[in-house]
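In: after the sequence you'll find the predicted model.
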Protein chains: 2
Amino acid sequence: MAAVSEPRWLSETEQQAWRAYLRGGRLLMDALDRGLAAHGLSLSEYEIISMLSEVPNQQMRMSELADLVVQSRSRLTHTATRLEKRGWVVREPCLGDRRGVLLTLTSEGRAKVGQIAPVHVEQVRANLVDRLTAAEFAALGDAMGAVATGLADEASPGETQ
Amino acid sequence: MAAVSEPRWLSETEQQAWRAYLRGGRLLMDALDRGLAAHGLSLSEYEIISMLSEVPNQQMRMSELADLVVQSRSRLTHTATRLEKRGWVVREPCLGDRRGVLLTLTSEGRAKVGQIAPVHVEQVRANLVDRLTAAEFAALGDAMGAVATGLADEASPGETQ
DNA sequence: CGGGAATAGTTGACTGTTCAAGTTGATTGT
DNA sequence: ACAATCAACTTGAACAGTCAACTATTCCCG
């Protein structure tokens, strides 16, 4: 049994950066969630219908969508059921793979996205984009992009792109 | 009733940055949560006992702590109860304000923090810090610090610092 | 001092998420 | 062509989080 090596603690500055990231991220998500809650949906629900609205045929495989919005398959199943009850989405069989389900945006769903999108983008600006310089925001995106790529790769290696 | 002004949509690059932030952030939090789950607690539980461990007397008012870790008071009440059942924390009356409760780390709690901290810091490094240059990570911290300050200020204006 | 408003914390019901198990259909190797 | 394995999705129970209502205490101010 090997000796446990000394932990590589964060420096004071690193610690501050990490805490700021955690705190800021939570505050931001809370603010966005509250903003959308006032219009009757959560951020993760909005992400789902918003993604669907941008894709050919407004439909996507459940698992593809789950990966895209980083939700477990089971969570997406439950959420999709709720969205379906509200009439924003329907399940369609997937031609060519009968195990599959295509989650499809309805026209009510499309309308909802159209109604919410301007509200949401304004909230993202007010709470994030407008608080940073363009360069800071770009750097943020790059950094988190690198993190995302690293983590996505280790989940399913060998299919970057 | 004023005309609704044209939404200030995100540019293509901004959109990408925002999506990367969302996706990367979720993947990161998931990874950290899984990492800690292997040791029997969640990230938000760890944050609580970790904060307590760094503070004089290892104790803090419920609401102060709730603000620090960005959890609702109600959520903290429930989580504290769970932590108390596991013996990592106890509630003590707050001298000088009989409404108050001091959440206090037990020695078992302190031991748990000591055991988990090295694991956790390693995961933060592996998934975040080590994937970025020092400058990128510092920029990330600064950016999210600005976001946090802005959002915290608007919650309780006039007490920056 | 006394009464109204604010603050600290809790409670329980409801909603959302996770987790492990189950079903059905595709794939692969022989 | 058939069994074994794997992938897509669902299910339901257990668990965590939210929300609104409630108790107890302190603060404010006339």
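Out: Good, I have the coordinates.

In: do stretch A:76-85 and chain B meet?
Out: No - Stretch A:76-85 is not in contact with chain B by CB under 8 Å from any CB of the partner chain; minimum separation 13.1 Å. C-betas here are computed from N, CA, C, even on glycine.

In: helix or strand: which one has A:Gly109?
Out: Remark: A:Gly109 resides in helix A:107-127, with elements defined by DSSP states H and E.

In: helices or strands up against that helix?
Out: In terms of contact count using 3 or more CB pairs under 8 Å, 6 or more residues apart in numbering or on different chains; DSSP states H and E, helix A:107-127 is assigned the packing partners helix A:12-37, helix A:43-53, helix B:134-155.

In: out of these, which comes closest to DNA strand D?
Out: DNA strand D lies closest, by CB to the nearest atom of the strand, to one member of those: helix A:12-37, at 5.2 Å.

In: is DNA strand C within reach of the closest one?
Out: No - if you take CB under 7 Å from any atom of the strand as the test, helix A:12-37 misses DNA strand C, and the best it gets is 9.6 Å.

In: mind listing what's buried along that helix?
Out: By neighbour count on 16 or more other CB atoms under 10 Å in any protein chain shown, the buried set for helix A:12-37 is A:14, A:17-33, A:35-36.

In: SS state for A:Leu102?
Out: strand (DSSP: H, G, I helix; E, B strand; the rest coil).

In: for it, give its distance to DNA strand D.
Out: Applying CB to the nearest atom of the strand, to the nearest Å, the value for A:Leu102 to DNA strand D is 7 Å.

In: gap between that residue and A:Leu68?
Out: Distance, A:Leu102 to A:Leu68, by CB to CB, to the nearest Å: 14 Å.

In: higher neighbour count, the two?
Out: Neighbour count, other CB atoms under 10 Å in any protein chain shown: between A:Leu102 and A:Leu68, A:Leu102 has more, with 20 against 16.

In: so that one makes contact with A:Arg91?
Out: Yes - here A:Leu102 lies in contact with A:Arg91, judged by CB atoms under 8 Å, at a distance of 7.3 Å.

In: check which helix or strand A:Leu41 maps to.
Out: Using DSSP H and E, no helix or strand contains A:Leu41.

In: just to check, it is in contact with A:Gln115?
Out: No - shown here, A:Leu41 and A:Gln115 do not form a contact pair, counting by CB under 8 Å, at 10.6 Å.

In: show me which of those two is the more surrounded one.
Out: Using other CB under 10 Å as the criterion, A:Leu41 and A:Gln115 rank with A:Leu41 on top: 21 against 11.

In: quick one: that one from B:Ser72, how far?
Out: 19 Å.

In: same thing with A:Thr133?
Out: Distance from A:Thr133 to B:Ser72, by CB to CB: 32 Å.

In: please apply the same query to A:Ser44.
Out: 18 Å.

In: neighbour count: the two, which is higher?
Out: Counting neighbours by other CB under 10 Å for A:Ser44 and for B:Ser72 shows that A:Ser44 has the greater number, 18 against 10.

In: and the end-to-end length of stretch A:44-61?
Out: 17 Å (CA to CA, to the nearest Å).

In: would you mind listing the buried residues in that stretch?
Out: A:44-52, A:58-60.

In: equivalent analysis for stretch A:86-102, please.
Out: A:88-89, A:101-102.

In: and which of these is nearest to DNA strand D?
Out: Distances from DNA strand D to the buried residues of stretch A:86-102, taken by CB to the nearest atom of the strand, are shortest for A:Val101, at 3.9 Å.

In: quick check: closest non-adjacent residue to the residue positioned nearest the centre of chain A.
Out: With distances taken as CA atoms, centre = their mean, chain A has A:Val69 as the residue nearest its mean C-alpha position (3.9 Å). Once flanking residues are discounted, A:Val69 sits nearest to A:Glu47: 4.8 Å by CB to CB, 6 or more residues apart in numbering or on different chains.

In: the one you found reaches B:Leu22, doesn't it?
Out: Yes - using CB under 8 Å, A:Glu47 is in contact with B:Leu22, at 7.4 Å.

In: now do the helix or strand bottoming out on mean pLDDT in chain A against helix B:12-37, angle only.
Out: Lowest on mean pLDDT, DSSP states H and E among the helices and strands of chain A sits helix A:134-155, with a mean of 93. Helix A:134-155 runs at 50 degrees relative to helix B:12-37, counting by axes from the mean of the first three to the mean of the last three CA atoms, to 10 degrees.
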